[in-house]
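Asker: Sharing a model that was predicted from the sequence below.
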Amino acid sequence: MVLPVSAAILHDAGRYDAVLESLSRPMRAHVRTEFQGHRLVVLDDHADLFRHLDFTAHAEALHDWLARAVDREMREEVEFLARFDRAVEGLRAVREMPDRKERLFVQFVVQNRGRLSQRTRAQFAEVSDDELATMELAVCEAFELDGEGRG
């Protein structure tokens with residue numbers, strides 16, 4: 001199983017940067033470098049800097065991000081997939097379409113808060129206006145949209 005840790009980190013980008021800099025900033029203060037042509041060359045023997053690193057902040061942050069990934073990100077993903085399946089089931093009750101078009105229809109309606117935009121309507125020209133309204137409603141119900149975008 002792949003955990004969505006990167007999604008958890010995205011919600012905590014400031015901490016991510018701080019944790020990385022907690023080691024790199026002090027190290028940079030002790031390492032002299034110079035450019036030789038297009039190459040960055042380290043001038044000092046810096047092996048001692050790597051002997052006793054403290055990764056406590058990294059381990060604590062990773063623990064928190066993993067916990068968020070399991071507790072929140074995965075739950076949200078499972079909820080989204082269940083809602084998506086309900087929406088597709090509602091579409092299929094009205095009209096059969098290729099899987100790709102079903103995915104696009106749901107995506108477009110969710111992004112536009114409950115309504116297929118006029119710009120994307122042409123991609124579903126085979127769908128009558130009555131069918132379209134019923135399909136939009138199915139997506140709204142599955143995703144608990146208030147239908148703000150609906151006219």
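Answerer: Okay, I see it. Residues are numbered from 1 along each chain as shown.

Asker: going forward, measure contacts between C-alpha atoms and count neighbours the same way
Answerer: OK.

Asker: what residues does the longest helix seen in the chain touch?
Answerer: The residue-count maximum for a helix in the chain (DSSP state H) belongs to helix 74-94. For helix 74-94, contacts defined as C-alpha atoms under 8 Å, 6 or more residues apart in numbering pick out 3-4, 102-103, 106, 131, 134-135, 138-143.

Asker: mind running it again at 6 Å?
Answerer: By C-alpha atoms under 6 Å, 6 or more residues apart in numbering, the list of residues contacting helix 74-94 from outside reads 135, 138, 139, 142, 143.

Asker: same check, this time on stretch 12-26
Answerer: residue 58.

Asker: Can I get it as PDB, trimmed to CA atoms?
Answerer: The C-alpha atoms that make up stretch 12-26 are tabulated as PDB, following Å, rounded to 0.1, in the frame of the first residue of the first chain:
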ATOM      1  CA  ASP A  12       2.500  21.500   6.200                       C
ATOM      2  CA  ALA A  13       5.100  22.900   3.700                       C
ATOM      3  CA  GLY A  14       6.500  25.400   6.200                       C
ATOM      4  CA  ARG A  15       7.400  22.700   8.600                       C
ATOM      5  CA  TYR A  16       8.900  20.600   5.800                       C
ATOM      6  CA  ASP A  17      11.200  23.500   4.800                       C
ATOM      7  CA  ALA A  18      12.100  24.200   8.400                       C
ATOM      8  CA  VAL A  19      13.000  20.500   9.100                       C
ATOM      9  CA  LEU A  20      15.200  20.400   6.000                       C
ATOM     10  CA  GLU A  21      17.000  23.600   7.000                       C
ATOM     11  CA  SER A  22      17.500  22.500  10.600                       C
ATOM     12  CA  LEU A  23      20.500  20.500   9.300                       C
ATOM     13  CA  SER A  24      21.500  22.200   6.100                       C
ATOM     14  CA  ARG A  25      21.700  25.800   7.400                       C
ATOM     15  CA  PRO A  26      24.100  25.000  10.300                       C
END
